[in-house]
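Engineer: sequence and predicted structure are below.
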Number of protein chains: 2
Amino acid sequence: MKKFLNAPEAFVDEMLEGIMAAHPDQMSYVNDDIRCVVRKDLSKKKVALASGGGSGHLPTFMGYVGEGMLDGCPVGGVFQSPSSDQMYEVTKAIDRGAGVLYIYGNYSGDIINFDMAAELADFDDIRVETVVAADDVASAPKSETEKRRGVAGIFYLFKIAGAAAEAGMDMDEVKRVAEKVNGRVATMGVALSPCIIPDVGKPSFTIGEDEMEIGMGIHGEPGIRRGKLRSADEVVNEILPKLIDDLSPESGSEVSILVNGLGATPKEELYIIYRRIAQVLKERGLKPVKIYCGEFATSMEMAGFSISMICLDDELKKFLAAPACTPFFEQGELEL
Amino acid sequence: MKKFLNAPEAFVDEMLEGIMAAHPDQMSYVNDDIRCVVRKDLSKKKVALASGGGSGHLPTFMGYVGEGMLDGCPVGGVFQSPSSDQMYEVTKAIDRGAGVLYIYGNYSGDIINFDMAAELADFDDIRVETVVAADDVASAPKSETEKRRGVAGIFYLFKIAGAAAEAGMDMDEVKRVAEKVNGRVATMGVALSPCIIPDVGKPSFTIGEDEMEIGMGIHGEPGIRRGKLRSADEVVNEILPKLIDDLSPESGSEVSILVNGLGATPKEELYIIYRRIAQVLKERGLKPVKIYCGEFATSMEMAGFSISMICLDDELKKFLAAPACTPFFEQGELEL
């Protein structure tokens, strides 16, 4: 296992100690539990946003705790849900009287624990609402979106709902915006290599030297097809139309694209991929207004990438363009 | 060769087509040559900064073309110098009468070509000055810094000299600041795996499954020691004191640290590494005021990392804290 770590069982807590040491002005934690991550500055009265989930996906989830995005994030073990108690402690810490919106990926462990935390918060008269990200079109058909996994497209939920909350919208409005995003984002990925969970010490799956897996999840969940590695253009030609068909945008629609590296894929390759995406968008009459290209939701050292597309309207575009500042993501006000 | 690409020989140009398609508001090119990259907005009268070098290191070099950093950057093939003609074309395009400062890494091909471009520019009465980055302490002793390779520490040159130019300093002053940075930055890296140059199609070197190479360069140049992979803490204990000894900062000095992933090393591991760095800095009485942790100078999909340290003074701190905005790096004004 070629990893820079000390004891495998200390992987998550030592990572968090490093993050807290590096960014003390932006991040903190509550309840004497370093896995209960919150924004350093919680003074502004606004709807609070929390996410949470397993470790191993940086910057997802906790990397988006900061100005214009999330207020808190309980952190689980690698690919494991944080506990309901950790979620509850974060919820109490970040609520400023306007309620807490949970935004997390569609995984059963997270759902059980977040639901339990919401019940505990209810006893404290903290209003909690939930929006579950389910953007992976490879994981279930459009008729069963409730079965879809949440993957890199959750970034748009954090960014846009975060900006809505920062702008002073109330809970009903922030939730409405988040649900609108949820209905307009689709993602699909492709993997070339597995990752290694430190505690396990061996690859999460095996794949041939000349193979790729289309539609694979960010924990190594099986995709929809395994086959020979094809050219960058051919891979985009296979994936992107599936996103466009799923979202069915009208010709002329404005979109934002996220080309997300899963961990070991160089930025050079992500831009070769975006080159073909731009061509296909043009062919389909779609107008890209903002491109994100880099690592936004990883699977540690997995090689591969995903494409997320969101269909914008004026409201979503305004919130996408708003500034954000976390230790892992920074964006000034954009002119879109 | 598990890479997302089309024809290997089109790797660099297709990457650039993707970058230009993704960031048309921020980047452009001159002389009908997509490898002659310049800032979209060259209207501000100021000293211009150019870098340049081989591809395969994104965000280095061209990723730092943008507000508060570079004005232009000729782009070579993978690990190959751009031509002197490309450097000259970029130089002419970005000069706004206040001269052009070249900042690039200490590699013979780049030196020959940049020097030739400077001579060509001289015929046009464009003042060109040069500062060569040579921060890799593993590549030569302190008594022979002119032999040292330039690696990730060049980021601090771009950031700080870029801010000095943006602030309106004249050429003599910007060069003075850049040279001050150069004397105060040191870097050392460690690699776990090679990368593959697309045109070559096979790994740049071989290394055992349980081995690491300390002091390796970002093109796979041999380091100072190959040995068994050790714990994250032990690797930091070996590297960081070499940087501190090289720079000999007084106790109480303020420093900035860059923990740079070489391509395939997860951010989780970089923060486990920073955890130990923070402990050692404290033991040595050094005060970290700004931490960068991520991929700043890569070797495509190489696994490994480097640590860069810069000793700040009030002037350097002010310019480090200034805002910057490029497609690959964004930072709002910092309070340091």
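Structural biologist: Arrived safely, thanks for sending. Numbers count the residues shown, from 1 in each chain, chains lettered A, B, ... in the order given.
Engineer: can you count the residues close to the closest residue to chain B within the stretch 1-150 of chain A?
Structural biologist: For the stretch 1-150 of chain A, the residue closest to chain B is residue A:18, as judged by CB to the nearest CB, at 3.3 Å. Where you see a C-beta, it was placed from the backbone N, CA and C, and this is true even at glycine. The burial count assigned to residue A:18 is 26, neighbours taken as other CB atoms under 10 Å in any protein chain shown.
Engineer: check contacts around it.
Structural biologist: Residue A:18 is in contact with B:270-275, B:278, B:293, counting by CB atoms under 8 Å, 6 or more residues apart in numbering or on different chains.
Engineer: in CSV: those residues, plus secondary structure.
Structural biologist: Formatted as CSV, those follow (DSSP: H, G, I helix; E, B strand; the rest coil):
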residue, secondary structure
B:270, helix
B:271, helix
B:272, helix
B:273, helix
B:274, helix
B:275, helix
B:278, helix
B:293, strand
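Engineer: hmm, which two among those residues are most spread apart?
Structural biologist: Greatest spatial distance among the contacts of residue A:18 (CB to CB): B:270 and B:278, at 12.7 Å.
Engineer: give me the more crowded residue out of these two.
Structural biologist: residue B:270 (25 against 20).
Engineer: from residue B:209, how far off is that one?
Structural biologist: 22 Å (CB to CB, to the nearest Å).
Engineer: what residues does the stretch 201-336 of chain A put near chain B?
Structural biologist: A:209-210, A:229, A:231-233, A:235, A:263-275, A:278, A:291, A:293-295, A:298, A:300-301, A:303, A:305, A:323, A:325, A:328, A:330-332, A:335 (CB under 8 Å from any CB of the partner chain).
Engineer: and those residues, which of them are buried?
Structural biologist: Those of these that meet the buried threshold are A:229, A:232-233, A:235, A:263-275, A:278, A:291, A:293-295, A:298, A:300-301, A:303, A:305, A:325, A:328, A:330-331, by 16 or more other CB atoms under 10 Å in any protein chain shown.
Engineer: in helices, which of those residues fall?
Structural biologist: A:232-233, A:235, A:267-275, A:278 (DSSP state H).
Engineer: pick out whichever of the residues you listed sits closest to residue B:55.
Structural biologist: Taking CB to CB as the measure, residue B:55 lies nearest residue A:268 of those, at 6.8 Å.
Engineer: what's the helix or strand for the closest residue to the closest one other than its chain neighbours?
Structural biologist: Excluding its sequence neighbours, the residue lying closest to residue A:268 (CB to CB, 6 or more residues apart in numbering or on different chains) is residue B:15, at 4.8 Å. Applying DSSP states H and E as the criterion places residue B:15 in helix B:11-22.
Engineer: now that helix: mean pLDDT?
Structural biologist: The average pLDDT for helix B:11-22 rounds to 98.
Engineer: quick one: distance of it to the chain centre.
Structural biologist: In terms of CA atoms, centre = their mean, to the nearest Å, the centre of helix B:11-22 is set 20 Å apart from its chain centre.
Engineer: now swap in stretch A:325-336 and tell me
Structural biologist: On CA atoms, centre = their mean, the centre of stretch A:325-336 falls 16 Å from the chain's centre.
Engineer: ok, and what's touching it?
Structural biologist: A:19, A:22-23, A:26-27, A:58-59, A:63-70, A:254, A:289-290, A:296, A:317, A:320-324, B:25, B:267, B:294, B:323, B:325, B:330-332.
Engineer: just the buried residues of these.
Structural biologist: A:19, A:22-23, A:26-27, A:58-59, A:63-70, A:254, A:290, A:296, A:317, A:320-322, A:324, B:267, B:294, B:325, B:330-331.
Engineer: so which of those belong to strands?
Structural biologist: A:27, A:254, A:290, A:324, B:294, B:325, B:330-331 (DSSP state E).
Engineer: closest to residue A:175 among these?
Structural biologist: Using CB to CB, those come closest to residue A:175 at residue A:324, 19.4 Å.
Engineer: got the contact list for the nearest residue to that closest one once chain neighbours are set aside?
Structural biologist: What sits nearest to residue A:324 in space, not counting adjacent residues and going by CB to CB, 6+ apart, is residue A:68, at 3.4 Å. Contact analysis of residue A:68 by CB under 8 Å, 6+ apart lists A:159, A:162-163, A:166, A:322-326.
Engineer: next one: residue A:151
Structural biologist: Contacts of residue A:151 by CB under 8 Å, 6+ apart are A:105, A:133, A:135-136, A:187, A:189, A:217-218, A:297, A:306, A:308.
Engineer: let me have those in a markdown table, extended by neighbour count.
Structural biologist: Below are the contacts of residue A:151 laid out as a markdown table (neighbours: other CB atoms under 10 Å in any protein chain shown):
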| residue | neighbour count |
| --- | --- |
| A:105 | 30 |
| A:133 | 28 |
| A:135 | 31 |
| A:136 | 29 |
| A:187 | 32 |
| A:189 | 26 |
| A:217 | 21 |
| A:218 | 30 |
| A:297 | 28 |
| A:306 | 28 |
| A:308 | 26 |
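Engineer: narrow those to those in strands?
Structural biologist: Checking those against DSSP E, those in strands are A:105, A:133, A:187, A:189, A:306, A:308.
Engineer: need the residues you listed in TSV with pLDDT, can you?
Structural biologist: Below are those laid out as TSV (pLDDT from 0 to 100):
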residue	pLDDT
A:105	98
A:133	98
A:187	98
A:189	97
A:306	98
A:308	98
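Engineer: most widely separated two among these?
Structural biologist: It's A:133 and A:189 that sit farthest apart of the ones in strands among the contacts of residue A:151, by CB to CB, at 14.3 Å.
Engineer: what's the end-to-end length of stretch A:177-197?
Structural biologist: Start and end residues of stretch A:177-197 are separated by 35 Å (CA to CA, to the nearest Å).
Engineer: now it: buried residues?
Structural biologist: Here stretch A:177-197 shows A:177-178, A:180-182, A:184-197 as buried, counting by 16+ other CB under 10 Å.
Engineer: repeat for stretch A:235-252
Structural biologist: Buried, per 16+ other CB under 10 Å, within stretch A:235-252: A:235-236, A:238-240, A:242-244, A:246-247, A:249.
Engineer: and which of those is nearest residue A:116?
Structural biologist: residue A:246 (31.9 Å).
Engineer: Three-state assignment for the closest one, please.
Structural biologist: Residue A:246 ends up helix, using three-state DSSP.
Engineer: tell me the contacts of it?
Structural biologist: Neighbouring residues of residue A:246 by CB under 8 Å, 6+ apart: A:137, A:142, A:186.
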